[in-house]
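S.K.: Here is my input, please return the structure:
(chains A and B)
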Amino acid sequence: EDAERISSADVAVVEHRRRLLEEWYAWRAQVEEEIAEEREALGLPDVAQLLKEKTEGLAGNGEEQIIE
Amino acid sequence: MRPILLSGHERALTQVKYNADGDLIFSTAKDQQICVWYAHNGERLGTYHGHQGAIWTVDVEPTSTLIASGSADNTIKLWDLKSGKCLKTWEFPTAVKRVEFNEDGTKLLGVTEKRMGHLGTIVVLDIKVDVDAEQSDEKAMTIVCDESKATVAGWSYLSKYIIAGHEDGSVSQYDAKTGDQLVNYNIHELGQPITDLQWAPDRSYFITASKDKTAKLITARDLEVLKTYTADTPMNSATITVKKDFVILGGGQAAMDVTRTSARQGKFEARFYHKIFEEEVGRVRGHFGPLNTVAADPTGKSYCSGGEDGYVRVHHFDKGYFDFMYEVERERMNRLNQEEQQRQQKEQKENKK
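M.R.: A predicted model of the protein is given here:
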């Protein structure tokens, strides 16, 4: 009986976490879309993307040097 | 986790900050010098000299061309990151407690202290991201905090809002163009100062730390509290990690009795919480005094903390950290991987046709 009670409590906790995780990522997708639209409407460049490309570019160079 | 101890400061740390590439760490302390270190090995790359008082704050411009600092000598200074040369000094009637660049580095805000005869303000300066350019003397905008002084402030996504945390525990949202206060909400316990405000990478949400022993995750657009992280000691700093859904909190009560320091050893810990589940997942010991400031590497490889003890500690995450997952997270990752595989198979089929 105890084991059953514990396991149903565990199931509830896991269910709760699953819901939190889904809610979070659904919210993130929505916000990212909204900001991208707003950014485009304002004609602003995607700074994060530019920086990411710059960082990846640097990482790429590092790898090339290792190959040499 | 392999810690690296950065010793070079002689007084309590006030802020630590990574550049966007995550390869450099900037630190300020009450000892009047700004240090810059290599994040991967902790070697000191240089210092920036010129302030005449304790330095409260530092920020790195997004392209790692400039840095800005704010000090008890009532100035904000702008520096050439590479040469260490001071490019510009702006003077104010009171100390500068916080500086932050906006997302493209063309604007800098400064939070000035309240003092007899002077209300706390948030000033905005226009910045030219060019070490050879003449910087403007004029302030682009001044927001006066007549209710409760701002202790921290920052720029939201698209530089749309300026968000400030206040001494009374409230959070304000200002229109970043006009300086008008749009809303002010009591978010932390009334009368408990907000000690830190740090952004998620896209600046759509942020985390605040407070003396009320909590940190909160809040949206920039509506100031909606998404999550609350509860600790058992006043919090001085909080930061959001990338790659993993964690937040890191730093704080601790200042030692009242110096002779007890050894007994308190190790009590000062960086606390890791799961960002989404709000549960504490781990602690990292090391400092001999309260953690005044914590920062997460924007590339997700490490974090660092600055203590009242005068040390900066850098921790590079190990495999165990990256492998750690809740059951439901693993489930989600497997599902996404499966979907990605199916998508690729479908693509290959279509290419064959």
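S.K.: Please enumerate the helices of chain A.
M.R.: Secondary structure of chain A, counting by DSSP state H: helices at A:2-42, A:47-67.
S.K.: Out of the ones you listed, which gets the lowest mean score?
M.R.: Within these, the stretch with the lowest mean pLDDT is helix A:47-67, showing a mean of 56.
S.K.: so where's the stretch 151-300 of chain B shaky on pLDDT?
M.R.: Along the stretch 151-300 of chain B, the model assigns pLDDT under 70 to residues B:255-266.
S.K.: So which residues on it come close to chain A?
M.R.: The stretch 151-300 of chain B has residues B:157-158, B:201-202, B:204-205, B:245, B:276-277, B:299 near chain A, with proximity defined as C-beta under 8 Å from any C-beta of the partner chain. Where you see a C-beta, it was placed from the backbone N, CA and C, and this is true even at glycine.
S.K.: residue contacts, residue 17?
M.R.: No chain specified, so I'll use chain A. Contacts for A:R17 were tallied using C-beta atoms under 8 Å, 6 or more residues apart in numbering or on different chains; they are B:277, B:326-328.
S.K.: my bad, the chain I had in mind was chain B
M.R.: By C-beta under 8 Å, 6+ apart, B:K17 lies in contact with B:25-27, B:58-60, B:295.
S.K.: Backbone dihedrals for it, please?
M.R.: With angles defined as degrees, to the nearest 10, B:K17 sits at phi -150, psi 130.
S.K.: do the helix or strand where B:Q348 lies and chain A meet?
M.R.: Using DSSP states H and E, B:Q348 sits within helix B:327-352. Yes: Helix B:327-352 lies within reach of chain A by C-beta under 8 Å from any C-beta, at B:327-329, B:331-332.
S.K.: out of everything not next to it in sequence, what's closest to the spatially most central residue of chain B?
M.R.: Relative to the mean C-alpha position of chain B, the nearest C-alpha, by C-alpha atoms, centre = their mean, is the one of B:Q198, at 4.3 Å. The shortest distance from B:Q198 to any residue other than its chain neighbours is 4.9 Å, reached at B:T239 (C-beta to C-beta, 6 or more residues apart in numbering or on different chains).
S.K.: Where does the one you found sit: helix, strand or coil?
M.R.: strand (DSSP: H, G, I helix; E, B strand; the rest coil).
S.K.: burial measure for it, as a count.
M.R.: For B:T239, the number of neighbouring residues by other C-beta atoms under 10 Å in any protein chain shown comes to 26.
S.K.: any idea how far B:K352 is from it?
M.R.: As for B:T239, its distance to B:K352 is 48 Å (criterion: C-beta to C-beta, to the nearest Å).
S.K.: Contacts for the helix or strand where B:L249 lies, please.
M.R.: Element membership for B:L249 (DSSP H and E) is strand B:246-251. Contacts with strand B:246-251, where a contact means C-beta under 8 Å, 6+ apart, come from B:195, B:207, B:209, B:213, B:215, B:217, B:229, B:231, B:233-241, B:270-275, B:281, B:290-294, B:296, B:303, B:305.
S.K.: Run the chain-centre distance for that strand.
M.R.: For strand B:246-251, the separation from the chain centroid amounts to 11 Å (computed by C-alpha atoms, centre = their mean, to the nearest Å).
S.K.: where do the helices sit along chain B?
M.R.: Remark: helices assigned in chain B by DSSP H are B:261-264, B:319-323, B:327-352.
S.K.: and the last one, average pLDDT?
M.R.: This means helix B:327-352. Mean pLDDT, computed over helix B:327-352, is 93.
S.K.: thinking again about what came up before, show me which of the residues of helix B:327-352 next to chain A are buried.
M.R.: Burial by neighbour count, judged by 16 or more other C-beta atoms under 10 Å in any protein chain shown, picks out B:328-329, B:332 from the residues of helix B:327-352 next to chain A.
S.K.: Run a quick neighbour tally on A:W24.
M.R.: Burial of A:W24 is recorded as 16 neighbouring residues (other C-beta under 10 Å).
S.K.: Now do the contacts for the nearest residue to it once chain neighbours are set aside.
M.R.: Once its chain neighbours are removed from consideration, A:W24 has its nearest residue in B:I276; the separation is 4.7 Å (C-beta to C-beta, 6+ apart). With contact taken as C-beta under 8 Å, 6+ apart, B:I276 is in contact with A:20-21, A:24, B:227, B:245.
S.K.: likewise B:R221?
M.R.: Applying C-beta under 8 Å, 6+ apart to B:R221 gives the contacts B:156, B:161, B:204.
S.K.: between these, which is closest to B:Y185?
M.R.: The shortest distance between B:Y185 and any of the contacts of B:R221, using C-beta to C-beta, involves B:Y161 and amounts to 13.4 Å.
S.K.: so that closest one bridges to which residues?
M.R.: For B:Y161, the beta-bridge assignment (DSSP bridges) gives partners B:D175.
S.K.: re earlier: check which strands are paired with the strand holding B:L249 and give the direction for each one.
M.R.: Within its sheet, and counting by DSSP bridges, strand B:246-251 is paired with strand B:235-240 (antiparallel), strand B:268-274 (antiparallel).
S.K.: Go through those strands and pick out the most buried.
M.R.: For those, ranked by mean neighbour count under the definition mean count of other C-beta atoms under 10 Å in any protein chain shown, the leader is strand B:235-240 at a mean of 26.
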